[in-house]
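Peer 1: Structure for the following, please:
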Amino acid sequence: MWVRKRLDIGFRDLAFGMLHSVVPASRAALQRRLEADWSPSGDCLACLSVRTGLDLLLAMLELPPKSEILMSAMTIPDMARIVEHHGLVPVPVDLDPDTLGPNLASLRRAVTPASRAIVVAHLCGGRVSMAPILAEARQHALRVIEDCAQAFDGRGYTGDPDADASLFSFGPIKTATALGGAMLRVRDPDVLDRMRARQGQYPLQTRRSYLCRLLKYTAFRALCRPGPYGMLVRAWRALGQDHDRLVNGSVRGFPGPDFFARIRQQPCVPLLGMLLRRLRTYDPRRLERRAAKGDLLTGLLAPRVLCAGRAATPHNSWVFPILVENPGEVIGALRDAGFDATQGHSMCVIPPPAERPESAANVAAETLRSIVYLPIYPEMPDEAFRKLAESVLAVAKRPSALDGTPTAGLLAAAPIGATASPALRCH
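Peer 2: Coordinates of the predicted model:
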């Protein structure tokens with residue numbers, strides 16, 4: 001069975017991390033080299049995670065209580081959780097299914113006198129155009145924060161120069177993963193200095209915890225081949241267990257209690273060393289091959305199946321979501337054909353503030369209800385993608401029309417199915 005997501009890291013990198021988990025090194029010097037490599041202009045901060053970076057940034061912005069933070073409506077639950085923790089109000093900005101970026105009309109409706117910032121998420125390996133968002137934000141004096149956790153493209157892009165902050169993740173399932181870590185660019189030097197000082201007061205991530213993570217994902221990496229992974233899935237099913245929850249739960253970044261204590265740590269020396277190695281040695285040709293696979297799959301599926309976000313350019317196909325009326329049936333057919341597709345459990349749609357029900361992100365909710373993630377990575381041969389596409393086309397039903405979206409015309413001819421679901425709340 002083709003695994004849903006192959007870890008983007010090799011055994012040599014994993015061995016390097018294990019070795020450096022026991023080799024002493026100067027942490028301060030390593031962090032300086034890493035940050036200078038990412039941004040020679042000196043506006044960079046290396047953190048434990050994007051969650052850590054957002055938490056630090058909001059703390060140092062010192063916004064008035066109950067200030068509104070506009071956010072791309074589809075995101076991971078922890079991002080809205082962090083906003084609320086700082087006494088701020090997350091407000092969803094509905095998305096455009098063509099790009100999975102913020103819909104400008106929804107952005108304009110979301111702005112109020114209480115709005116202070118917008119968090120723009122680049123999703124699934126695509127990059128939305130920032131120019132119109134920045135123009136709109138500047139009209140209302142909003143700070144612009146780019147969530148680039150899914151958008152790393154081989155060092156060619158380290159954030160829009162006009163954004164106030166850009167946050168990149170190198171967690172376990174990300175491109176060029178270091179099994180943790182984040183690179184931030186913050187354009188306000190005073191805010192950046194205070195973030196650096198606050199992070200310097202955090203406890204250090206232990207070498208042992210990072211070594212345990214390396215060992216865990218080395219085992220995962222070994223199981224990512226079709227044969228071993230297929231046997232694991234069959235064995236788990238035979239025990240009556242849901243392998244989907246097993247896989248998704250195993251790659252969660254900060255599971256369990258004490259969430260804020262977990263993210264408020266400084267990255268350890270071996271993690272900084274791994275980040276530096278991955279950024280200096282990552283082969284961009286791997287991304288080019290993955291992007292080409294994405295183009296191939298799009299050509300095989302479109303226009304009969306809506307490939308969400310493909311209008312966002314450039315696009316490196318970090319993941320490949322499609323929108324269908326019958327996700328369960330499509331996933332079942334794909335697994336029978338040897339492809340481990342999933343709806344995923346890591347994303348949510350931000351609910352509107354209680355006093356602003358009109359800001360509900362209905363398009364994002366319908367998108368999340370309809371989404372199926374297809375496996376895609378360079379190791380899959382073209383013939384596997386043709387078989388995958390045939391399996392999808394045999395059973396997929398186009399979703400019901402999403403009124404008022406750029407894709408409504410394409411979707412209008414689809415069979416009418418269930419009506420749009422209400423916004424899914426972040427848990």
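Peer 1: Help me confirm that Val91 is found in a strand?
Peer 2: Yes - Val91: assigned to a strand according to DSSP: H, G, I helix; E, B strand; the rest coil.
Peer 1: any idea how far the residue nearest the centre of the chain lies from Ala302?
Peer 2: Central residue of the chain (C-alpha atoms, centre = their mean): Gln150, 4.0 Å from the mean position. Separation of Gln150 from Ala302 (C-beta to C-beta, to the nearest Å): 21 Å. Placement of C-beta: from N, CA and C, glycine included.
Peer 1: mind listing the strands for this structure?
Peer 2: All strands of the chain, identified by DSSP state E, fall at 44-47, 68-72, 74-75, 89-93, 95-96, 101-102, 115-121, 143-147, 165-169, 182-186, 306-307, 320-323, 348-349, 371-374.
Peer 1: For Val111, grab phi and psi.
Peer 2: Here is the backbone geometry of Val111 (degrees, to the nearest 10): phi -70, psi 130.
Peer 1: Now for it: which residues touch it?
Peer 2: Contact analysis of Val111 by C-beta atoms under 8 Å, 6 or more residues apart in numbering lists Leu70, Glu136, His140, Leu142.
Peer 1: a markdown table please, covering these and showing neighbour count and distance to Leu63.
Peer 2: Formatted as a markdown table, the contacts of Val111 follow (neighbours: other C-beta atoms under 10 Å; distance: C-beta to C-beta, whole Å):
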| residue | neighbour count | distance to Leu63 |
| --- | --- | --- |
| Leu70 | 29 | 13 |
| Glu136 | 17 | 19 |
| His140 | 15 | 14 |
| Leu142 | 21 | 11 |
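Peer 1: Okay, and which of these map to helices?
Peer 2: Taking DSSP state H, the ones among the contacts of Val111 that sit in helices are Glu136.
Peer 1: For Ala238, see how far away the nearest residue to Val395 once chain neighbours are set aside is.
Peer 2: Of all residues not flanking Val395 in the chain, Ala333 sits nearest, at 4.7 Å (C-beta to C-beta, 6 or more residues apart in numbering). To Ala238, Ala333 is 21 Å away according to C-beta to C-beta.
Peer 1: swap in Arg310?
Peer 2: For Arg310 relative to Ala238 (C-beta to C-beta), the value is 37 Å.
Peer 1: and if you look at Lys397?
Peer 2: With C-beta to C-beta as the criterion, Lys397 and Ala238 are 31 Å apart.
Peer 1: Check the gap between the closest residue to Tyr282 other than its chain neighbours and Ala121 for me.
Peer 2: Leaving out its chain neighbours, the residue that sits closest to Tyr282 by C-beta to C-beta, 6+ apart is Ala176, at 4.4 Å. According to C-beta to C-beta, Ala176 and Ala121 sit 19 Å apart.
Peer 1: When these two are compared, which one has more neighbours?
Peer 2: Ranked by neighbour count (other C-beta atoms under 10 Å), Ala176 and Ala121 place Ala121 first, with 27 against 23.
Peer 1: In contact with that one, which residues?
Peer 2: With the criterion set at C-beta under 8 Å, 6+ apart, Ala121 makes contact with Met71, Ser72, Met74, Thr75, Gly101, Asp147, Ala149, Gln150.
Peer 1: Ok, Ser115 next?
Peer 2: Ser67, Glu68, Ile69, Leu70, Val91, His140, Leu142.
Peer 1: for the closest residue to the fourth one other than its chain neighbours, which residues make a bridge with it?
Peer 2: Taking C-beta to C-beta, 6+ apart as the measure, Leu70 lies nearest to Ile118, with 4.1 Å between them; neighbours along the chain are not counted. For Ile118, the beta-bridge assignment (DSSP bridges) gives partners Leu70, Val144.
Peer 1: show me what contacts the residue nearest to Tyr282?
Peer 2: Contacts of Ala176 by C-beta under 8 Å, 6+ apart are Asp8, Ile9, Phe152, Gly154, Phe170, Arg278, Leu279, Tyr282.
Peer 1: is it true that Val83 touches Pro92?
Peer 2: No - Val83 is beyond contact range of Pro92, at 11.4 Å (criterion: C-beta atoms under 8 Å).
Peer 1: These two: who's more crowded?
Peer 2: Pro92 (29 against 23).
Peer 1: these two touch, right, that one and Ala361?
Peer 2: Yes - here Pro92 reaches Ala361: they are 4.1 Å apart, a contact under C-beta under 8 Å.
Peer 1: Which residues are in contact with each of these two?
Peer 2: Ala73, Val349, Ile350, Pro352, Ala423.
Peer 1: out of the residues you listed, who's nearest His20?
Peer 2: Ile350 (38.4 Å; C-beta to C-beta).
Peer 1: Pull up the gap between the nearest residue in space to the closest one that is not next to it in sequence and Val22, please.
Peer 2: In space, Ile350 comes closest to Pro92 once its chain neighbours are excluded; the distance is 4.0 Å by C-beta to C-beta, 6+ apart. As for Pro92, its distance to Val22 is 46 Å (criterion: C-beta to C-beta).
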